[in-house]
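Engineer: kindly return the folded structure for what I paste below:
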Amino acid sequence: MIWLPGGRFRMGSDAHYPEEAPAHEVEVTGFFIDPTPVTNRQFAAFVAATGHVTLAEQKPDPADYPGALPEMLVAASLVFSPPPGPVRLDDWSQWWAWVAGADWRHPTGPDSSLEGLEDHPVVHVAAADAEAYAAWAGKALPTEAEWEYAGWGGLEGAEFAWGHELEPGGKHMANVFQGEFPHRNSAADGYVRTSPVGTFPPNGFGLSDMIGNVWEWTADWYARGHVLPPKAGCCVPQNPRGAGQDGSYDPAMPQIRIPRRVLKGGSHLCAPSYCRRYRPAARHAQAIDSSTSHIGFRCVRRPEVASA
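Structural biologist: Numbers count the residues shown, from 1 in each chain. All right, here's what the predicted structure looks like:
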């Protein structure tokens, strides 16, 4: 793991998506962080040691999903499935498929495997799966503030984690989507889906894949916008934790009370024409019971605080 001494930084953005606002100063104390997302090789060692069965490998309980179609209540996960041609970008079902048998061992469906993907980030992990791995490893998931501090790598005031251009001098700095989303990925950066961790340049803290490749789970509940102290401007929040679980439910689905966590970092599906979330300030909501082919995680370890 890499030690980050902590410090003060400007979290969020007022210039992009509304959920990133308001930009505000926060402070985090020092912590250790994994230099890359957890890989398939590492996750396989965890499963071998513990017998852990991921959520995607379990058949959902119908009681948890009232009104769900029977064919949906199978062990499955969401897999990116590009359509044959252009589609409207306001309907994600045009490029996501609920695939029975898709899980961390079978990233694109039951006929796929991890052969050649051992050093790619593990995917199809729900929040509980990531937490189980972290507990086994003696670690934890990062808070949103910790993750964003780490994502910037000591840089401030830039558009991206490496500067003001997405591809400075034509150089690919992260595994993101090139081409016409979602139907045509030119793979100019060399990858259509995930890439081996550490393929692209690390940030200023020596951390790889903080941007692109896979979204990463955090420990914080999602709210549509940053939660500021009661008296905004009176102090700089230290180690903030964001919203409470009660505020994380999706208002578009009031009948389904599934809390959501914050994802950070963007993925190989972020594209200039669709999802400009390949930035440290970007954030996204994800239901804790959901897994996909572009969500992974990394862990942190916080120094023990001596008791008084």
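Engineer: where along the stretch 51-200 of the chain do the strands fall?
Structural biologist: Here the stretch 51-200 of the chain has its strands, by DSSP state E, counting those that start in this stretch, at 76-80, 96-100, 179-180, 184-185.
Engineer: in a markdown table, list the ones you listed along with mean neighbour count.
Structural biologist: For glycine as for every other residue, the C-beta is placed from the backbone atoms N, C-alpha and C. Shown next, in a markdown table, are the strands of the stretch 51-200 of the chain (neighbours: other CB atoms under 10 Å):
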| stretch | mean neighbour count |
| --- | --- |
| strand 76-80 | 23 |
| strand 96-100 | 16 |
| strand 179-180 | 14 |
| strand 184-185 | 18 |
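Engineer: for the closest residue to T199 other than its chain neighbours, grab the count of nearby residues.
Structural biologist: Of all residues not flanking T199 in the chain, N175 sits nearest, at 6.9 Å (CB to CB, 6 or more residues apart in numbering). Using other CB atoms under 10 Å, N175 has 29 neighbouring residues.
Engineer: going forward, the N-terminal residue is numbered 334.
Structural biologist: In the new count, where the first residue is 334, that last one comes out as N508.
Engineer: give me the phi and psi for N508.
Structural biologist: With angles defined as degrees, to the nearest 10, N508 sits at phi -80, psi 100.
Engineer: again, but for T362
Structural biologist: phi -90, psi 170.
Engineer: tell me how many other residues crowd it.
Structural biologist: 14.
Engineer: once you drop chain neighbours, what's closest to it?
Structural biologist: Closest to T362 by CB to CB, 6+ apart is G339, at 4.5 Å.
Engineer: for the protein, what spans make up the helices?
Structural biologist: Ranges of helices in the chain, per DSSP state H, are 373-383, 460-469, 477-485.
Engineer: mean pLDDT and distance to F376 added to the strands of the stretch 384-533 of the chain, as TSV?
Structural biologist: Converted to TSV, the strands of the stretch 384-533 of the chain look like this (pLDDT from 0 to 100; distance: least, CB to CB, whole Å):
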stretch	mean pLDDT	distance to F376
strand 409-413	97	14
strand 429-433	96	19
strand 512-513	96	30
strand 517-518	97	25
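Engineer: A604 is nearest to which of these?
Structural biologist: strand 512-513 (7.6 Å; CB to CB).
Engineer: in its sheet, what does that closest one sit against?
Structural biologist: Paired neighbours of strand 512-513 in the sheet (DSSP bridges): strand 517-518 (antiparallel).
Engineer: how far does the strand it pairs with sit from its chain's centre?
Structural biologist: 22 Å (CA atoms, centre = their mean, to the nearest Å).
Engineer: any weak-confidence spans in this structure?
Structural biologist: 564-567, 638-641 (pLDDT under 70).
Engineer: 90 instead, please
Structural biologist: By pLDDT under 90, the weakly predicted segments of the chain are 393-406, 489-490, 560-568, 575-576, 580, 582-590, 606, 637-641.
Engineer: got the contact list for the residue nearest to T532?
Structural biologist: 522, 524, 527-528, 532-533, 542, 545-546, 601 (CB atoms under 8 Å, 6 or more residues apart in numbering).
Engineer: report the separation between the residue nearest to T362 and P636.
Structural biologist: 10 Å (CB to CB, to the nearest Å).
Engineer: with distance to L422 and mean neighbour count added, can I get the helices of the chain in CSV?
Structural biologist: Output for the helices of the chain, formatted as CSV (distance: least, CB to CB, whole Å; neighbours: other CB atoms under 10 Å):
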stretch, distance to L422, mean neighbour count
helix 373-383, 30, 16
helix 460-469, 27, 20
helix 477-485, 26, 25
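Engineer: any chance of the ones you listed in JSON lines, with distance to S445 too?
Structural biologist: Formatted as JSON lines, these follow (distance: least, CB to CB, whole Å):
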{"stretch": "helix 373-383", "distance to S445": "12"}
{"stretch": "helix 460-469", "distance to S445": "19"}
{"stretch": "helix 477-485", "distance to S445": "29"}
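Engineer: those: which one's closest to E492?
Structural biologist: Using CB to CB, the nearest of those to E492 is helix 477-485, at 11.6 Å.
Engineer: check which helices and strands that closest one is in contact with.
Structural biologist: Under the contact definition 3 or more CB pairs under 8 Å, 6 or more residues apart in numbering; DSSP states H and E, helix 477-485 sits against strand 335-344, strand 357-366, strand 548-554, strand 593-597.
Engineer: out of these, which comes closest to P454?
Structural biologist: Between those, strand 548-554 lies closest to P454; by CB to CB that is 8.6 Å.
Engineer: on contacts alone, who are the packing partners of that closest one?
Structural biologist: helix 477-485, strand 593-597, strand 616-620, strand 628-629.
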